[in-house]
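> below is the structure, and that's it, no one-letter string:
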C-alpha cells in the first residue's frame, strides 16, 4: 500500500494530519542465539515494511486503531489497560502499558497500519510494530526520545508479553542502513556498518511455512543452559561477566562441573560469536565464498549443537548443497520453523529457488514461500 492510500484510510477516522512512520523487517546474516548472551550479531533492515499513520484524537482517553491487513479494529480506554488481548492487539496494549509505566505524556489517538512483512517467518514483524508505533507516538506527543531509547522500550513491550527477546531486532529496525549489515556488540550496543557488496549474488529467504509448538519452551531452555554454565564458571573466575568472556579452553577446563548438554550449547555460542567476527572480515575483503561457508557452519551448529533447527529447516539447507549457484544457507531466527537465508547467484536465483521449493514440497507436502530481499534503511518518517 502506498503512502497516499494509507493516508486515505486514516482520513476515515480523523481529519487532522497524521505522523506516518515506515518501519522495516529485518534479516540476520549470522549470529543466532548470541544476542541474549551479550555476543555479536550481524543483522540488516530489509525492504519489507510496516506503514503506520497516527494522529491525536479529540477524545483524550480513547485509542482507536485499525489493522488494514486483518480488517480488524480495536478501541482501548487509556484508563483501563488491564484487560488481556491477543494477537496484534496484545502488542498495542503492551506498548501503551510500557508508555504509561514511564510517565510519558499520552492522550487518545487514532491510527491505521499495514505491512508486507510476512508473519511468523522470522523477519521481526513484532519489532517493526513496536518500534513503529512508539516512534509515531514519540513524534506526535513530543517525547524527544532517541533511537536507542525507543528500541529499548519496544524490547520492554515484548517482554510484557512473555517474549524475553534481546535487542537485536529492535536495533536493526531503528538503525538499519541501505546496503549495509550492522555488526552489533550486544554487550554495550556499540556498532559498525559493513557494506554488503554481494557481487552478483542475492539474499533469498525461503519459508518452511512450519512453526512447531516447542519454540517458546525450547528458547527458555537454551537460555537456562547458558545461564547455568555462566553461573558455574563465575564461581571459579570473577572476571567472567558474560559468555563473551569465556573461551573454549576455559569451558573445557571446567567441563567436569557442567552437564554435557550445557557444554554443547555453550560451545555453540562461543563458536557462533567467532563466526560473526570472521564474517565481517570476509565481507570487508569481498570473500563471499568464505561468507557462504560460515553460513553453512552456523546452520550445522544450530542444528546439531544448539538443537534449535527442525527437519524442514535442515531439508531446505541440504537442498542447496548440490547447487553450484548457492554459496551458503542457514536457518534464521529462533528456530523450529520460519525461514532459511540463502546466498544465491542472482542470474540463477529464480531457477534454483524454484527447484528447491519443488523438491521441498514433494518431500514435506508443505508449500514453501520465498522472498528476494534487499537491504534498506531503518525506520523513517514519511511525507505523503
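Looks like it came in fine. Bear in mind the structure is a predicted one, so any value in this text is a computation, not a measurement. Residues are numbered from 1 along each chain as shown.
> got phi/psi on residue 41?
Backbone torsions of residue 41, given as degrees, to the nearest 10, read phi -140, psi 170.
> what's around it, how many residues?
28 (other CB atoms under 10 Å). No exception for glycine: its C-beta is placed from N, CA and C like everyone else's.
> quick check: beta-bridge partners of residue 77?
Judged by DSSP bridges, the bridge partners of residue 77 are residue 62.
> quickly list what residue 109 is bridged to.
Per DSSP bridges, the residues bridged to residue 109 are residue 56, residue 63.
> quick one: it from residue 157, how far?
Distance of residue 109 to residue 157, given as CB to CB, to the nearest Å: 16 Å.
> all helices of the stretch 251-384 of the chain, in order?
Assignment of helices within the stretch 251-384 of the chain using DSSP state H, counting those that start in this stretch yields the ranges 260-285, 288-304, 311-320, 349-364.
> as TSV, these with mean pLDDT, mean neighbour count and distance to residue 72 would be great.
Formatted as TSV, these follow (pLDDT from 0 to 100; neighbours: other CB atoms under 10 Å; distance: least, CB to CB, whole Å):
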stretch	mean pLDDT	mean neighbour count	distance to residue 72
helix 260-285	97	19	39
helix 288-304	98	20	35
helix 311-320	98	21	30
helix 349-364	98	16	31
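> go ahead and confirm residue 266 touches residue 246.
Yes. Judged on CB atoms under 8 Å, residue 266 makes contact with residue 246 at a distance of 7.1 Å.
> excluding its backbone neighbours, what's nearest residue 257?
Spatial nearest neighbour of residue 257, excluding adjacent residues (CB to CB, 6 or more residues apart in numbering): residue 232 at 5.4 Å.
> what's that neighbour in contact with, if anything?
Residue 232 is in contact with 254, 257, 258, counting by CB atoms under 8 Å, 6 or more residues apart in numbering.
> and what about the closest residue to residue 130 other than its chain neighbours, helix, strand or coil?
Nearest non-adjacent residue to residue 130, counting by CB to CB, 6+ apart: residue 154, 3.6 Å away. Counting by DSSP: H, G, I helix; E, B strand; the rest coil, the backbone at residue 154 sits in helix.
> residue 138 versus residue 154, what's the distance?
11 Å.
> thought residue 245 was touching residue 230?
No. Contact criterion CB under 8 Å: residue 245 and residue 230 do not qualify, at 9.1 Å.
> my guess is residue 148 contacts residue 189, does it?
Yes. Contact criterion CB under 8 Å: residue 148 and residue 189 qualify, at 6.6 Å.
> identify the contacts common to the two.
residue 171.
> residues in contact with residue 54?
Per CB under 8 Å, 6+ apart, neighbours of residue 54: 18, 19, 20, 21, 109, 110, 111, 133, 136, 137, 140.
> just the ones in helices from those residues, please.
133, 136, 137, 140 (DSSP state H).
> and the third one, what's its pLDDT?
What the model reports for residue 137 is a pLDDT of 98.
> pull the contacting residues for it.
54, 95, 99, 106, 109, 143.
> that's a helix at the last one, yeah?
Spelled out, that is residue 143. No. According to three-state DSSP, residue 143 belongs to no helix; its state is coil.
> may I have the secondary structure class of the residue lying closest to it once chain neighbours are set aside?
Of all residues not flanking residue 143 in the chain, residue 104 sits nearest, at 5.5 Å (CB to CB, 6+ apart). The three-state label for residue 104, taken from three-state DSSP, comes out as coil.
> can you check residue 27 too?
Per three-state DSSP, residue 27 ends up strand.
> run a quick neighbour tally on residue 9.
Neighbours of residue 9 under the rule other CB under 10 Å: 16.
> check residue 180 too.
So residue 180, with other CB under 10 Å, has 20 neighbours.
> identify the bridge partners of the nearest residue to it once chain neighbours are set aside.
Excluding the flanking residues, the one nearest residue 180 by CB to CB, 6+ apart is residue 193, at 4.2 Å. Beta bridges link residue 193 to residue 182, judged by DSSP bridges.
> so residue 193 is in contact with residue 184, correct?
No. The pair residue 193 / residue 184 is not scored as a contact, 10.2 Å apart, by CB under 8 Å.
> neighbour count for those two, which is higher?
More neighbours surround residue 184 than the other of residue 193 and residue 184, with 27 against 14 (other CB under 10 Å).
> measure the more buried one to residue 190 for me?
Distance of residue 184 to residue 190, given as CB to CB: 8 Å.
> residues in contact with the nearest residue to residue 122 once chain neighbours are set aside?
Nearest non-adjacent residue to residue 122, counting by CB to CB, 6+ apart: residue 333, 3.0 Å away. With contact set as CB under 8 Å, 6+ apart, residue 333 has these partners: 28, 32, 122, 339.
> need the max-distance pair from those.
32 and 339 (12.1 Å; CB to CB).
> residue 69: what secondary structure?
Assigned by three-state DSSP, the conformation of residue 69 is coil.
> circling back: could you dump the helices of the stretch 251-384 of the chain to CSV with distance to residue 374?
Converted to CSV, those look like this (distance: least, CB to CB, whole Å):
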stretch, distance to residue 374
helix 260-285, 16
helix 288-304, 17
helix 311-320, 20
helix 349-364, 13
